[in-house]
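Novice: pasting the structure only:
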Ligand SMILES: [Zn+2]
């Protein structure tokens, strides 16, 4: 089987704003950032988006570009994917803080990227050419490697300086800043942050 994925593919945002069964809301960020955001919060309470094999399988299924969709995963894969997520989150936070990341996180990320081989292929797209990434890897390893490769391309490329953590109260999600004034991961967080500021100003005035 040869599966394909286009890196930096924006994951289609979930318009429902949330999924049952541990699924985290999608924000339309690149694949690796969406994956990092499976650790998230709802009204200040931390949630685990891939806490069980069923959650992980659902997440992989929702991201159809990731090979391994529909593949059976167990507790060992949950641990492996959560370790990768921890490494990506650690390195994203280091970018936000403008400091070097933890070497252990880099090792975890590189090991995940090596879990299955991927290579680019050129193909016609109308009048021009396009590039797609291929693997013969199957199942969870190929998905793990795809997410890790996307994270490496983001962290090691120009987008690495654009990673931000959401500034809304209680939010723990990351996003890639795609316009100069963006401060929040989502419109919902922007509304909550503005409401919190309004409340604080009102309270300060009435004291
Ligand atoms: Zn947020």
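Specialist: Yep, it's here. Here the structure is a predicted model, which is why all the values come from computation and not from measurement.

Novice: Tell me the helices and strands packed up against the longest helix anywhere in the chain.
Specialist: Counting by DSSP state H, the longest helix found in the chain is helix 75-96. When contacts are defined as 3 or more CB pairs under 8 Å, 6 or more residues apart in numbering; DSSP states H and E, helix 75-96 packs onto helix 31-36, helix 53-62, helix 103-113, helix 139-155, strand 163-165, strand 174-176. The way it works is simple: take the backbone N, C-alpha and C, and place the C-beta from them, glycine included.

Novice: Enumerate the positions of the second one that are buried.
Specialist: Same thing as helix 53-62. The neighbour-count check on helix 53-62 (16 or more other CB atoms under 10 Å) flags 55, 56, 57, 58, 59, 60, 62 as buried.

Novice: Up against the ion, what does the chain have?
Specialist: Near the ion, the residues belonging to the chain are 166, 168, 171, 173, 185, 189 when assessed by CB under 5 Å from the ion.

Novice: what would those residues look like in a markdown table with neighbour count and pLDDT?
Specialist: What follows is these, written out as a markdown table (neighbours: other CB atoms under 10 Å; pLDDT from 0 to 100):
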| residue | neighbour count | pLDDT |
| --- | --- | --- |
| 166 | 23 | 94 |
| 168 | 22 | 92 |
| 171 | 22 | 93 |
| 173 | 26 | 95 |
| 185 | 24 | 93 |
| 189 | 20 | 91 |
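
Novice: Save those as JSON lines, and put in distance to residue 76 too.
Specialist: Formatted as JSON lines, the residues of the chain next to the ion follow (distance: CB to CB, whole Å):
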{"residue": "166", "distance to residue 76": "31"}
{"residue": "168", "distance to residue 76": "35"}
{"residue": "171", "distance to residue 76": "30"}
{"residue": "173", "distance to residue 76": "27"}
{"residue": "185", "distance to residue 76": "30"}
{"residue": "189", "distance to residue 76": "34"}
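
Novice: Bridged to the spatially closest residue to residue 118 that is not a sequence neighbour, which residues?
Specialist: Spatial nearest neighbour of residue 118, excluding adjacent residues (CB to CB, 6 or more residues apart in numbering): residue 135 at 4.6 Å. Beta-bridge pairing for residue 135 (DSSP bridges): residue 3, residue 118.
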